[in-house]
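Trainee: I'd like to go over a predicted model; first the sequence, then the structure.
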Amino acid sequence: MLKKTVLRGKKNFSAIYKRGKSVGDRYVVLFYRKNGLDYNRIAFLASKKVGNSVKRNRARRLMKESYRLTGLNVPSGYDFIFIARSTIEGAKCRQVQISLESALKKSGVIKKS
RNA sequence: UGGGCAGGCCAGACAAUCGCGUGCUUCGGGGGUACCCGGGGCAUGAGGAAAGUCCGGGCUCCGCAGGGCAAGGAUGCCGGAUAACGUCCGGCGUGGGUAACCAUAGGGAAAGUGCAACAGAAACAUUCCGCCGAAACAGGUAACGCUGUGGUAAGGUUGAAAUGGUGAGGUAAGAGCUCACCGGCGUCAUGGAGACAUGGCGGCCGUGUAAACCCCAUCCGGAGCAAGGUCGAAAUGGGCGUAAAAGGCGGCGGCCCGUCGCUGCCCGACAGGUGGACCGCAUGAGCGAGCAGUAAUGUUUCGCCACAGAUAGAUGAUUGUCUAAUACAGAACCCGGCUUACAGACCUACCCGUAAC
RNA sequence: GCGGUCAUGGCGGAAUUGGCAGACGCGCACGGUUCAGGUCCGUGUGGGAGACCAUGGGGGUUCGAAUCCCUUUGACCGCA
């Protein structure tokens, strides 16, 4: 993942939380919004509810890996925030991937190809 | 062979494919020749506690980090180790365990103050019940400790604790009043570096609490890598630098000494430091061997260092084989400890019991 | 990174020089009042048959600890 594709800055986050849309699934919650750029910016988050730092790190890694492996055709020009839910503890990568893809489909961003 | 005790060590391994951080290297593209973008190769990439933040340092800044006083905090048997410590090592005392061994905030209560509820006569010198009637005083009887003053802490009651304990002598009754043994205290001698131990002598002997205030001894300036430094877009728009003496004001997060800064006009032309980038930033009180030391540890001896360095934060996924292995858990400036969490695997020494020889 | 506060029955919240823990209120249960319900009045209300055990957990000091000390868990707050 390239540096510019990492979403950062307090302004960006609060803008997406305020004005963006959200969908939830079994393991992840997705916030998304058009950013007006020609590439996507993505953030993976895990709150303290998920557990200690080892559990939070694992949750973020699983989400990253799932996004990397996904076969869906994700269009450019969006900001995404993937947030782990506390149910993610003990989940396998395949399960997280299914959940993440399901969330993306629900959001309506994915164009059927 | 059953149980126990102390210490050490490891913290899944290997292979394949894909993916990430860092360093080196190489290729392609752009370029203002400072660099920027993209791809490949090689190397390397979390812990014993990285954790809690409970202590101690290094480092940086607070003008210097200097002296004194006060306040506050910490530590507290002895000796040693260390950069330092509240840590560690070796001892001493006390307590526990058959033992190996374990635990131990363990200075001072005759410097002073406070507290000790309830109960009890009394919780610093106290007479409620009790005991005595020897001596002295007063009163009284037919007579008598009969009454008061008096003597007495041996016995009773209460309590966590009652004026050293047990026994004997002694006495009017009693009392370390005297003696024996035991406990404490003081003192002397011997041994030891010391805590202390052993022995002699002295009747010197009301309690607990200092993790109550306190006293004594020793130690501590404050803040923290978001420290601090360099370069500096955009926006803002006026402050900044230099400058003698006295006085005044202020800083040095308590005060004093001491010390530093500011304070008119004038002159000069930039200044400030946000988003961001870079440095700080990984060679360090480092690791291994030898030697010295009972040990902690030290070392002017020898060898080794490619050995994480992110900045919303890099270690993951899938498959296969082995296996008992799915525990606790993620570096954020760096070290030394402490404390707490933890599936299990292995090694060493020792103790008790049982059986056989 | 630095620093601080709190935890007591089902709930809120008392009790501090260290001396009977659960005051007081709410809630709940039972009884009374009513034709019935509410209001109101009364009784009870941590666990346990009892002995005793209970102040987030585990130790310690003390005759005695909710209170003092150490350690730990959780919740919350402040500063940069």
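Mentor: Great, that's in hand.
Trainee: switch to C-alpha atoms for all contacts and neighbour counts from now on
Mentor: Fine.
Trainee: What number of residues are in the vicinity of A:Pro7?
Mentor: Just to correct that, residue A:7 is Leu rather than Pro. Counted with other C-alpha atoms under 10 Å, the burial measure for A:Leu7 works out to 17 neighbours.
Trainee: Kindly report the same for A:Ile16.
Mentor: Neighbours of A:Ile16 using other C-alpha under 10 Å come to 19.
Trainee: Surely it and A:Tyr32 touch.
Mentor: Yes - counting by C-alpha atoms under 8 Å, A:Ile16 does reach A:Tyr32; the two are 6.7 Å apart.
Trainee: what mean pLDDT would you report for stretch A:68-83?
Mentor: Average pLDDT, stretch A:68-83: 82.
Trainee: How far away from the center of its chain is that stretch?
Mentor: 7 Å (C-alpha atoms, centre = their mean, to the nearest Å).
Trainee: what about that stretch, how long is it end to end?
Mentor: Terminal residues of stretch A:68-83 are spaced 16 Å apart (C-alpha to C-alpha, to the nearest Å).
Trainee: what comes up buried for it?
Mentor: Neighbour counts over stretch A:68-83 (16 or more other C-alpha atoms under 10 Å) mark A:Tyr78, A:Asp79, A:Phe80, A:Ile81, A:Phe82, A:Ile83 as buried.
Trainee: Could you check how many residues crowd around A:Val6?
Mentor: 15.
Trainee: quick one: pLDDT of it?
Mentor: 77.
Trainee: ok, it touching A:Arg41?
Mentor: Yes - between A:Val6 and A:Arg41 a contact is recorded at 5.4 Å, counting by C-alpha under 8 Å.
Trainee: for the residue nearest the centre of chain A, helix, strand, or coil?
Mentor: Closest to where the C-alpha atoms of chain A average out (C-alpha atoms, centre = their mean) is A:Phe82, at 2.4 Å. State at A:Phe82, reduced to three classes by DSSP: H, G, I helix; E, B strand; the rest coil: strand.
Trainee: does it really touch A:Gly24, like I thought?
Mentor: No - in terms of C-alpha under 8 Å, A:Phe82 does not count as a neighbour of A:Gly24; the distance is 9.7 Å.
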